[in-house]
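I'd like to go over a predicted model; first the sequence, then the structure.
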Amino acid sequence: MKWLCTLLSFLRIPLSALLLVDAAFWRIFAIVGAMSSDILDGYLARRYKATSRLGTFLDPLTDKFFALFALGIFFFEAKISGLEAIAFLSRDLFLIAFTIYLLITSNWGRYKVRALTWGKVSTSFQFVVLIMLAAGIALPSLFYSIFVAFGALSFRDFYLHLSRSTN
């Protein structure tokens, strides 16, 4: 079962190639496919206790790759501004800040990596926004501030998870 979960995670990489086709149908198909593989991968890994250390890192890594690839395309097509893209990635920027915090405080080895609630919410919201961009729906710049809030809440989740795992 672990191989199937790993395959589902890897599937997001070739799906990202469909985003190169400048057609709403194929882009939405790719995004929904990436969302579906993410959901199914997580469900199967939990349901059949098929989690692995590789999967723990691979799943969010392929999510990030897919989102960054899509974001890059939409940025170069001027469907999203630079500031909107930074806001879109704010959860990841908070994650980088938390990683630096772990390194500075020597807690790197104590932190158990796992999916947390606000990270899941943020990833889901990213996929929804990508679908809207693929469909040609323009969003007001202020809308992207929601990502900053999700990023801050994710940072809070990371910190609380660290506090629980070190006590």
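All right, it came through fine. Note that the structure is a prediction, hence the values are computed from the model and not measured. Numbering: from 1, shown residues only.

shaky segments in this protein?
113-114, 166-167 (pLDDT under 70).

which residue ranges of it form helices?
2-10, 12-17, 24-47, 53-76, 82-88, 90-104, 117-134, 145-166 (DSSP state H).

can you redo the ones you listed as a markdown table with mean neighbour count and distance to Tyr111?
For every residue, glycine as well, the C-beta is placed using N, CA and C. What follows is the helices of the chain, written out as a markdown table (neighbours: other C-beta atoms under 10 Å; distance: least, C-beta to C-beta, whole Å):
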| stretch | mean neighbour count | distance to Tyr111 |
| --- | --- | --- |
| helix 2-10 | 17 | 21 |
| helix 12-17 | 17 | 25 |
| helix 24-47 | 18 | 20 |
| helix 53-76 | 18 | 12 |
| helix 82-88 | 17 | 25 |
| helix 90-104 | 16 | 6 |
| helix 117-134 | 19 | 14 |
| helix 145-166 | 16 | 6 |
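
would you reformat the ones you listed as TSV and include distance to Arg110?
What follows is the helices of the chain, written out as TSV (distance: least, C-beta to C-beta, whole Å):
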stretch	distance to Arg110
helix 2-10	25
helix 12-17	30
helix 24-47	23
helix 53-76	16
helix 82-88	30
helix 90-104	8
helix 117-134	19
helix 145-166	5
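
how much space separates Gly55 from Tyr144?
Remark: distance between Gly55 and Tyr144 (C-beta to C-beta, to the nearest Å) = 30 Å.

kindly report the same for Asp38.
For Asp38 relative to Tyr144 (C-beta to C-beta), the value is 21 Å.

now do Thr117
In terms of C-beta to C-beta, Thr117 sits 21 Å off from Tyr144.
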